[in-house]
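Chemist: sequence first, then the predicted structure:
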Amino acid sequence: MKKILTFVALVLFCIPMVSAAIITNTNQSAVFIRMLARNASMDIDAVYYNPAGLTQLKNGFHVAIYNQTISQEKKVINAHPLLNQDTYIGEVNVPFFPNFYAVYKKDKLALSFGFGPNGGGGTADFADGLPSFETPFTVLPFLLTSMGLPTTAYSADLSFEGSSIFYGFQVNGSYAISEIISVAAGVRYISAVNTYEGSINNIMLNPGHPLINPTGAMLPADDFFNLIGQPGYAAMVSNKAVDVKQTATGITPILGLNIRPNDNLNIGIKYEFNTKLELVNDTTADDVGIFPDKGKTHNDIPAILSFGLEYAIIPELRASISTNYFFDKNADWDGREEFVDSNSYDIAIGFEYDLAKAILLSAGYMRAQTALKEGFQSDFDHELTADTFGIGGRIRVGENFDLDLGGLFTSYLEAEKSFTDPLVGPYLEKYQRTNWVFTIGLGYHF
């Protein structure tokens, strides 16, 4: 009995560490939301997308502030036949996702500042926990039954909430070498914060015991083990909690090149270096022993090579293409990068049309492609290939004032991971996700 319960304890409380790979946020302006292809931008949001293109602005000060409202549903479907449920839903609601940009342009020189959430930006709330939290409980009825205590059911109150936000503060200097070529150099300071709160409460079992539980009713698991003289195991199935905050800072050097051979064509190229991040735990509660206080994990932001092209088909209609290539395999994710088959990338196309002097309409499409081995994916952290569609427009309220509005919808391709349980054999876990974003932005030039 002691060996069996020790095995239960090991399975039950060796929950995998929540270790999130960075998803670089490229949704850094309201113009991006309505168009999706901004790497050749010559507008204020070029502070992020194409800093060398800022030399194309008119002389003076330019400022913009944007906000996005984001709603996302993360769904995990687990086919383990002994689980009490098969679908676990995480809701992400982000009412405020701000960006701010400021540019001073004088002749050949442009100086700029940008702020925004370069990674993360929301809280995922899994009100019923996750399969990795619940699956270990499916072992308990089988093991107690094998010890002569017929047990057919378990229950537990599970919850998990995780948040991640990587704030970026960026400064750039841009210079026009000639009328055609401009260059830029910048640096971004990253302040990263992850928080995880989870609990396992009220673990219940229905062991048939001739004296303690002759009716086979549901009993608190810790009470049952205490009654049969096993206080150590009672402690193992008592309530558990995790409450941890992880923080890190890093620096991202940035280089940019803009080429504008004529009035109809503009090309933007940017390279962001790998950002080293070492997250340090500030642990308030860690009843499962996976977040030691002051423990460290590596979670780099991968280097990015960006390319963009904008072409005026006619004066009223402009087409843009953009692509970003992420050097995931070169990042340090404490070995998790070994599960990356090939580096991820995205490619987007967008159109803008001047409907009238004061009204502009736009639309765009983006494909974000990942190639990951099963070992990379988990119920609390998975990356999915996605298709995104954006639409919106700009209203020129005055000669110096712009109002941008837009929305996008992202549909993610389902991914799955295979497992094998010694009790039930092989089974699959599937990951699904949908995403909505609505945005408003204000730009002023003076």
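Modeler: Sure, I can see it.
Chemist: please count neighbours and contacts with C-alpha atoms only from this point.
Modeler: OK.
Chemist: which residues does the closest residue to residue 261 other than its chain neighbours contact?
Modeler: Computed as CA to CA, 6 or more residues apart in numbering, the closest residue to residue 261 that is not its neighbour in sequence is residue 180, at 5.3 Å. Each residue near residue 180 by CA atoms under 8 Å, 6 or more residues apart in numbering is listed here: 258-262.
Chemist: can you map out the strands along the stretch 51-200 of the chain?
Modeler: 60-78, 87-106, 109-126, 154-176, 181-205 (DSSP state E, counting those that start in this stretch).
Chemist: need the ones you listed in JSON lines (columns: mean pLDDT).
Modeler: Shown next, in JSON lines, are the strands of the stretch 51-200 of the chain (pLDDT from 0 to 100):
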{"stretch": "strand 60-78", "mean pLDDT": "95"}
{"stretch": "strand 87-106", "mean pLDDT": "94"}
{"stretch": "strand 109-126", "mean pLDDT": "89"}
{"stretch": "strand 154-176", "mean pLDDT": "92"}
{"stretch": "strand 181-205", "mean pLDDT": "94"}
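Chemist: would TSV of those strands with distance to residue 33 and mean neighbour count be doable?
Modeler: Below are those laid out as TSV (distance: least, CA to CA, whole Å; neighbours: other CA atoms under 10 Å):
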stretch	distance to residue 33	mean neighbour count
strand 60-78	9	20
strand 87-106	12	19
strand 109-126	14	22
strand 154-176	19	21
strand 181-205	22	21
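Chemist: dump those strands to CSV, plus distance to residue 277.
Modeler: Shown next, in CSV, are these (distance: least, CA to CA, whole Å):
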stretch, distance to residue 277
strand 60-78, 26
strand 87-106, 22
strand 109-126, 12
strand 154-176, 11
strand 181-205, 8
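Chemist: can you check which of those gets nearest to residue 221?
Modeler: strand 181-205 (5.0 Å; CA to CA).
Chemist: who does the closest one pair up with?
Modeler: strand 154-176 (antiparallel), strand 219-220 (antiparallel), strand 240-262 (antiparallel) (DSSP bridges).
Chemist: of those strands, which is nearest residue 108?
Modeler: Per CA to CA, nearest to residue 108 of the strands paired with strand 181-205: strand 154-176, 4.9 Å.
Chemist: which among the contacts of residue 180 count as buried?
Modeler: In terms of neighbour count (16 or more other CA atoms under 10 Å), the buried residues within these are 258-260.
Chemist: which one of the residues you listed is nearest to residue 206?
Modeler: residue 258 (69.2 Å).
Chemist: now the closest one, nearest residue through space, not along the chain?
Modeler: Distances taken as CA to CA, 6+ apart place residue 268 nearest to residue 258, at 4.6 Å, with adjacent residues excluded.
Chemist: mind checking which helix or strand that neighbour is in?
Modeler: Element membership for residue 268, per DSSP states H and E: strand 265-272.
Chemist: so what's residue 244 bridging to?
Modeler: Beta-bridge partners recorded for residue 244 (DSSP bridges): residue 196, residue 283.
Chemist: that one reaches residue 287, doesn't it?
Modeler: No - Residue 244 lies out of contact with residue 287 (CA atoms under 8 Å); the separation is 11.1 Å.
Chemist: with that, I have no additional questions.
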